[in-house]
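Sequence isn't available, so here's the structure alone:
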């Protein structure tokens, strides 16, 4: 694992026409760090992920992954996309998705069949998905599907794991399982950028928070960023941050501040 930063954004700005999504974003993510990306609808959370994937160029500033500009299909980046419904009639098994995570990045001769199957089985076992390895993905529960997508995303042992709203439509137990599985990857040095509409499931594991909103941002520890003073300054309007029994509730007037209902729109 590289001793330098896994992800670096310097003066990063993104605009669509006259609409400024965010600007002047400085962020350095170290190996093994877990960073949550928060913010209301349309704040640019998914756009940030697309930028790191090399799919969305910046308007200004620089972004690097392992010291180089990001590019599409990099084996150094694992990606868990927003959950999409899969037609149960499509005969794509869990192991087929994981195998695509291996073959999709590989140059040269493919792995021998036996070795490839062993690698796929090992990845499925690592996320607790062995029992449904041969089940069509469309027949799996939301939590089971996300486990398989995580196995697919880490198939190349990436330095950076991007998770774009992986907890949507999952019950609390499944959310906890997915967070625990993603967080376990940091123990081997994988950095995680975790986009979520709900901060509470990751509050116990997150190292830092990137909070986006109104073209601006705040970066810091949860205790530094998730305060009434910090978010009021960010939005230029009163924001209340309430803490109770280890949970955080954010409410405000004029935007969807309650994370329990703050689902990300498709951001261009």
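On my side now, so go ahead. As the structure is a prediction and not an experimental result, all values here were calculated from the model.

hey, where'd the strands end up in this protein?
Along the chain, the stretches classed as strands by DSSP state E are 7-16, 19-29, 34-38, 60-65, 77-80, 160-164, 191-195, 208-213, 216-220, 239-244, 247-252.

Mind telling me which of the ones you listed the model trusts least?
When mean pLDDT is averaged over each of the strands of the chain, strand 247-252 scores lowest at a mean of 86.

sorry, back to before: distance to residue 148 added to the strands of the chain, as a markdown table?
For every residue, glycine as well, the C-beta is placed using N, CA and C. Listed next are these as a markdown table, based on distance: least, CB to CB, whole Å:
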| stretch | distance to residue 148 |
| --- | --- |
| strand 7-16 | 25 |
| strand 19-29 | 25 |
| strand 34-38 | 21 |
| strand 60-65 | 24 |
| strand 77-80 | 10 |
| strand 160-164 | 14 |
| strand 191-195 | 18 |
| strand 208-213 | 27 |
| strand 216-220 | 32 |
| strand 239-244 | 35 |
| strand 247-252 | 29 |
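
Residue 133: which of those strands is closest?
strand 77-80 (18.4 Å; CB to CB).

Let me have the strands of the chain in JSON lines, adding distance to residue 179 and mean neighbour count as columns.
Output for these, formatted as JSON lines (distance: least, CB to CB, whole Å; neighbours: other CB atoms under 10 Å):
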{"stretch": "strand 7-16", "distance to residue 179": "20", "mean neighbour count": "18"}
{"stretch": "strand 19-29", "distance to residue 179": "18", "mean neighbour count": "18"}
{"stretch": "strand 34-38", "distance to residue 179": "9", "mean neighbour count": "23"}
{"stretch": "strand 60-65", "distance to residue 179": "23", "mean neighbour count": "16"}
{"stretch": "strand 77-80", "distance to residue 179": "12", "mean neighbour count": "24"}
{"stretch": "strand 160-164", "distance to residue 179": "9", "mean neighbour count": "24"}
{"stretch": "strand 191-195", "distance to residue 179": "8", "mean neighbour count": "25"}
{"stretch": "strand 208-213", "distance to residue 179": "15", "mean neighbour count": "22"}
{"stretch": "strand 216-220", "distance to residue 179": "20", "mean neighbour count": "18"}
{"stretch": "strand 239-244", "distance to residue 179": "19", "mean neighbour count": "14"}
{"stretch": "strand 247-252", "distance to residue 179": "14", "mean neighbour count": "16"}
